[in-house]
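Peer 1: one predicted model, sequence on top.
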Amino acid sequence: DKDGVIGYLLLISNLVETASSAVTTLFRGFHIYSLYVKMIVGGADAADIAEKYGTLCSFYYPVKGMILNGMKVDQYDDYIQPDFIAPRSEYEFQLIGSLSVGLLVRMLLRAGIVFLKNFIKDK
């Protein structure tokens, strides 16, 4: 290849953009019928429990917002609490969802179009 390193970087950039397009299509088309999340943060030390609970919340609530705003969700329930009496943490997760074949085909077509457009643009 006459482009050398720049050509490889353009190809990698194209692949990343293609994957991003495919994941976005898949994310928006996924249908969640029921999602249940239960997390009880426990342990031996109250300061440790509080720190773990804060860290958990800092990751959990942004992901929850992305799921509820970006996907079709029929039923959602969560229970996230610190428990200063529990000797250990408990986690429970239940997901019932669907993904249509049409969505997968649409995702592949969109990813292919994005890849070809970028490939032609870069040449």
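Peer 2: That came in fine, so what should we check first?

Peer 1: quick one: contacts for the residue lying closest to residue 18 once chain neighbours are set aside?
Peer 2: Leaving aside its sequence neighbours, residue 18 sits nearest to residue 115 (Cβ to Cβ, 6 or more residues apart in numbering; 4.4 Å). C-beta: built from backbone N, CA, C; applies to glycine. Counting by Cβ atoms under 8 Å, 6 or more residues apart in numbering, residue 115 touches 14, 15, 18.

Peer 1: ok, of those residues, which come out buried?
Peer 2: 14, 18 (16 or more other Cβ atoms under 10 Å).

Peer 1: tell me the one among the contacts of residue 115 nearest to residue 34.
Peer 2: Comparing the contacts of residue 115 against residue 34 with Cβ to Cβ places residue 18 closest, at 31.8 Å.

Peer 1: any low-confidence regions in this structure?
Peer 2: 1-4, 122-123 (pLDDT under 70).

Peer 1: residue boundaries of the helices in it?
Peer 2: 5-29, 46-70, 101-122 (DSSP state H).

Peer 1: buried residues in the shortest one?
Peer 2: Meaning helix 101-122. 103, 107, 110, 111, 114, 115, 118.

Peer 1: ok, stretch 31-42 next?
Peer 2: Result for stretch 31-42 [16+ other Cβ under 10 Å]: buried residues 32, 35, 37, 39, 40, 41, 42.

Peer 1: now swap in stretch 18-25 and tell me
Peer 2: Per 16+ other Cβ under 10 Å, stretch 18-25 contains these buried residues: 18, 21, 22, 25.

Peer 1: for the residue lying closest to the third one once chain neighbours are set aside, what are its contacts?
Peer 2: I take that to be residue 22. Computed as Cβ to Cβ, 6+ apart, the closest residue to residue 22 that is not its neighbour in sequence is residue 111, at 4.1 Å. Counting by Cβ under 8 Å, 6+ apart, residue 111 makes contact with 18, 19, 21, 22, 25.
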